[in-house]
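[1] give me the fold of what follows.
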Amino acid sequence: MAKTSSNSLNPEKHESLATQQHQHPWWFSPDTGIYHSKHPNVNLPTDPFLDVVSFIFSHKHTGVSALIDSSSGLSLSYSKLYSLTKSMASGLNKMGVSQGDVVLLLLPNSVYYPIVFLGVLYIGAVVTTMNPLSSVVEIKKQIKDCNACFAFTGYENVDKLQALGIPAIAVPGNVVLDSNKELFSVFYELVNSEFDLASRPVIMQQDTAAILYSSGTTGVSKGVLLTHGNLIATVELFVRFEASQYEYSSLKNVYLSVLPLFHIYGLALIVVGLLSLGSSIVIMKKFDINEVVKAIDRYKVTHFPVVPPILTALTKIVEDVGAHSLQSLKQVSCGAAPLSMKLIEDFVQALPHVDFIQGYGMTETTAVGTRGFNTEKIRKYSSIGLLAPNMQAKVVDWNTGSFLPPASIGELWLRGPSIMKGYLNNARATMSTIDNDGWLHTGDISYFDEDGYLHVCDRIKEIIKYKGFQIAPADLEAVLISHPEILDVGVTGATDEECGEVPVAFVVRKHDSELSQEDIMDYVARQVSPHKKVRKVVFTHSIPRSAAGKILRRELRNFLASRL
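    As a prediction, the model looks like this:
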């Protein structure tokens, strides 16, 4: 349970202040429409010449095991982590990677992921991440878009990348130095090379550190430019601040990392933030609920960040494993996609000793936004929590543009030090997402309640969220329309209890076509990552469109909802 002393969470105080301020609470300004964080501001470093790697390792602590491989139990210690990172940076520099170069990480979770990521950033180069299951078409597109010139990947993908003209280094899946060492000899040379960086480049907070791809509020995937300053803000406002709210020491915390590290949620928390605290992180290559339970019990895991499908699986297995299991868990935090109230209630009932919270963030906010915060008096499990320190919000009527007070529903706007630099090579998309005053228009429909807790109701944007992954309908439409027997297509998401949402394609076939649903689903599956597969096909005579030709996805959604 959280400390209560350092936060103004006394409902009586709020009530009296609200009365004094014409019924408006102190954390909301009716004049500007701005919601302020209820947490005190955090002082962020002002030195413009600061990179996130130096910042992470400037925090002194007595943490022992940093990264633990869940399958073997072998670990990398904190005492070695910084030197391995610097060796990686030095080795990359000798191989010709220099400041501003973009390096692709096409990797599954492993204890080496943070070392590669931080090593690239330490020499001022830029990381772009991808799902390791991405198709060749998707990889080629991203490489071209961000001009990646070097890659780290699993052994099975090396030839694929070399064929695309990108030098690639194979990274071992775990710490075990087995007979496959020859396959990974270049990687081991890099990570064990003597640190010899004659002149490290000048890296500034405003320099780009990572390009992560997101569908944003609408349209196809775009490269989100995140700076060293954005990542520093994430370390302080998301990870370190949250840790400071609890009475137990961060050094004793053990996190289980099943979240994909190429996604902003896993990247911000596991690869960047937690390493500044000295907590131990158990890395699991891929999700398997039985292995999750074993890992929690074996390593005495205290904190488990999840997405809704993992929460569902954890809730269901509690009955099978019995009361003796999962006792080390202190907190489970959920993000990346909405949760049903029933699932929340089932989880809280199944594991009553666990502090359950939700959080909200976007790739465009470097995962910073809100975090749940339970006290003895206030437990709002269905809320996505309180605004992070230094963050501001507005709730705006998306029809009139007027600012709305607490308990009113509108589009959420966010502003703060973690907001992205912009979209790569896409000034129009950047301007339509971040306005002249620095407000990021999230596209999410939400409201603040009387205690300052945020609730998300729906979203204006059309992104499909499958198991926490973002899928842009436009990406799938582009694949489908390339089929010679498809005349028109519209893609939307259908609600699914287990996955959150699944992609559904509405297809207009040529009049003499005999294409089946299976044919279409197989056609898409061959060209996209597994999570992007179309799960259902509806044949129709026409796709509803606006006068400007825009697909009216809400009509498609309504059609699906009416058939449930």
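[2] so where is the chain shaky, pLDDT-wise?
    Applying pLDDT under 70 to the chain flags residues 1-22, 175-180, 215-219, 323, 458-459, 461, 546-550, 564.
[3] can you list the domain ranges for it.
    For the chain, the structural domains run 52-448, 464-562, going by automatic domain parsing.
[4] how about those in a markdown table, adding distance to residue 37 and mean neighbour count?
    Bear in mind the C-beta positions are built from the backbone N, C-alpha and C, glycine included. Formatted as a markdown table, these follow (distance: least, C-beta to C-beta, whole Å; neighbours: other C-beta atoms under 10 Å):
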| stretch | distance to residue 37 | mean neighbour count |
| --- | --- | --- |
| domain 52-448 | 4 | 19 |
| domain 464-562 | 25 | 17 |
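[5] as JSON lines, those domains with distance to residue 30 would be great.
    Output for the domains of the chain, formatted as JSON lines (distance: least, C-beta to C-beta, whole Å):
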{"stretch": "domain 52-448", "distance to residue 30": "6"}
{"stretch": "domain 464-562", "distance to residue 30": "32"}
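[6] residue 457 is nearest to which of those domains?
    domain 52-448 (4.9 Å; C-beta to C-beta).
[7] for that closest one, what is the distance to the chain centroid?
    6 Å (C-alpha atoms, centre = their mean, to the nearest Å).
[8] now do the end-to-end distance for it.
    32 Å (C-alpha to C-alpha, to the nearest Å).
[9] cool, stretch 358-368 as well?
    By C-alpha to C-alpha, one end of stretch 358-368 lies 13 Å from the other end.
[10] residue boundaries of the helices in the stretch 1-150 of the chain?
    11-20, 52-57, 78-94, 113-122, 136-146 (DSSP state H, counting those that start in this stretch).
[11] who does the fourth one touch, helix- and strand-wise?
    Judged by 3 or more C-beta pairs under 8 Å, 6 or more residues apart in numbering; DSSP states H and E, helix 113-122 is in contact with helix 52-57, helix 78-94, strand 102-106, strand 126-130.
[12] for residue 428, which of these is the nearest?
    It's strand 126-130; of the helices and strands packed on helix 113-122, that one is closest to residue 428 (C-beta to C-beta) at 21.1 Å.
[13] could you tell me the angle between the closest one and helix 136-146?
    Using axes from the mean of the first three to the mean of the last three C-alpha atoms, to 10 degrees, the direction of strand 126-130 lies 160 degrees away from that of helix 136-146.
[14] partners of strand 126-130, with directions?
    strand 102-106 (parallel), strand 208-214 (parallel) (DSSP bridges).
[15] those strands: which one's closest to residue 226?
    Using C-beta to C-beta, those put strand 208-214 closest to residue 226, at 4.6 Å.
[16] ok, and what's touching the following helix or strand past that closest one?
    Downstream of strand 208-214, the first helix or strand assigned by DSSP states H and E is strand 222-227. Outside strand 222-227, the residues within contact range by C-beta atoms under 8 Å, 6 or more residues apart in numbering are 128, 145-146, 205-216, 363-364, 366, 420-426, 429.
[17] could you redo the last one with a cut-off of 7 Å?
    Contacts with strand 222-227, where a contact means C-beta atoms under 7 Å, 6 or more residues apart in numbering, come from 145-146, 205-214, 216, 363-364, 366, 420-424, 426, 429.
[18] dump the C-alpha coordinates for that strand into CSV.
    This file holds the C-alpha atoms of strand 222-227, laid out as CSV (Å, rounded to 0.1, in the frame of the first residue of the first chain):
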residue,chain,number,x,y,z
LYS,A,222,4.6,6.9,-37.9
GLY,A,223,8.0,7.2,-36.4
VAL,A,224,7.8,8.9,-33.0
LEU,A,225,10.9,10.9,-32.2
LEU,A,226,11.8,10.5,-28.5
THR,A,227,14.7,12.6,-27.1
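[19] walk me through which strands that strand pairs with, and which way each runs.
    Strand 222-227 pairs in its sheet with strand 208-214 (antiparallel), strand 422-423 (antiparallel), by DSSP bridges.
[20] can you put those in TSV and add distance to residue 282?
    Output for the strands paired with strand 222-227, formatted as TSV (distance: least, C-beta to C-beta, whole Å):
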stretch	distance to residue 282
strand 208-214	24
strand 422-423	34
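[21] of all those strands, which one is nearest residue 448?
    Among the strands paired with strand 222-227, if distance is taken as C-beta to C-beta, the winner is strand 208-214, at 24.6 Å.
[22] now do the closest one against helix 113-122, angle only.
    Going by the same axes, to 10 degrees, strand 208-214 makes 130 degrees with helix 113-122.
[23] who touches strand 208-214?
    52, 102, 121, 126-129, 142, 146, 221-228, 231, 264, 363-364, 421, 424, 470.
[24] same question for stretch 518-529.
    131, 133-135, 137-138, 476, 479-480, 483, 505, 507, 533-534, 537.
[25] please redo it, this time with the cut-off set to 6 Å
    For stretch 518-529, the external contacting residues (C-beta atoms under 6 Å, 6 or more residues apart in numbering) are 131, 133-135, 137, 479, 483, 533-534, 537.
[26] ditto for stretch 405-421
    Contacts of stretch 405-421 (C-beta under 6 Å, 6+ apart): 28, 224-227, 230, 233-234, 364-366, 368, 390-398, 404, 438-442, 444, 446-448.
[27] for stretch 198-205, same thing?
    Contacts of stretch 198-205 (C-beta under 6 Å, 6+ apart): 48-51, 99, 124, 228-229.
[28] any idea how far residue 274 lies from residue 255?
    6 Å (C-beta to C-beta, to the nearest Å).
[29] what's the overlap in contacts for those two?
    Shared contacts of residue 274 and residue 255, counting by C-beta under 6 Å, 6+ apart, come down to residue 281.
[30] coming back round to it: any chance of the strands paired with strand 126-130 in JSON lines, plus distance to residue 280?
    Converted to JSON lines, the strands paired with strand 126-130 look like this (distance: least, C-beta to C-beta, whole Å):
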{"stretch": "strand 102-106", "distance to residue 280": "23"}
{"stretch": "strand 208-214", "distance to residue 280": "24"}
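[31] rewinding a little: so which of the contacts of stretch 518-529 belong to strands?
    residue 537 (DSSP state E).
[32] surely residue 384 touches residue 453?
    No: counting by C-beta atoms under 6 Å, residue 384 stays clear of residue 453, with 7.9 Å between them.
[33] quick check: bridge partners of residue 387?
    Bridge pairing for residue 387 - DSSP bridges - gives residue 370.
[34] tell me which element residue 506 falls in.
    strand 500-509.
[35] give the next helix or strand downstream of that strand.
    helix 517-525.
[36] using CSV, list the CA coordinates for that next one.
    Written as CSV, here are the backbone C-alpha positions of helix 517-525 (Å, rounded to 0.1, in the frame of the first residue of the first chain):
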residue,chain,number,x,y,z
GLN,A,517,-12.9,-15.6,-45.6
GLU,A,518,-10.1,-18.1,-45.0
ASP,A,519,-8.4,-17.0,-48.3
ILE,A,520,-8.4,-13.4,-47.2
MET,A,521,-7.2,-14.1,-43.7
ASP,A,522,-4.4,-16.3,-45.1
TYR,A,523,-3.4,-13.6,-47.6
VAL,A,524,-3.0,-11.0,-44.9
ALA,A,525,-1.3,-13.4,-42.5
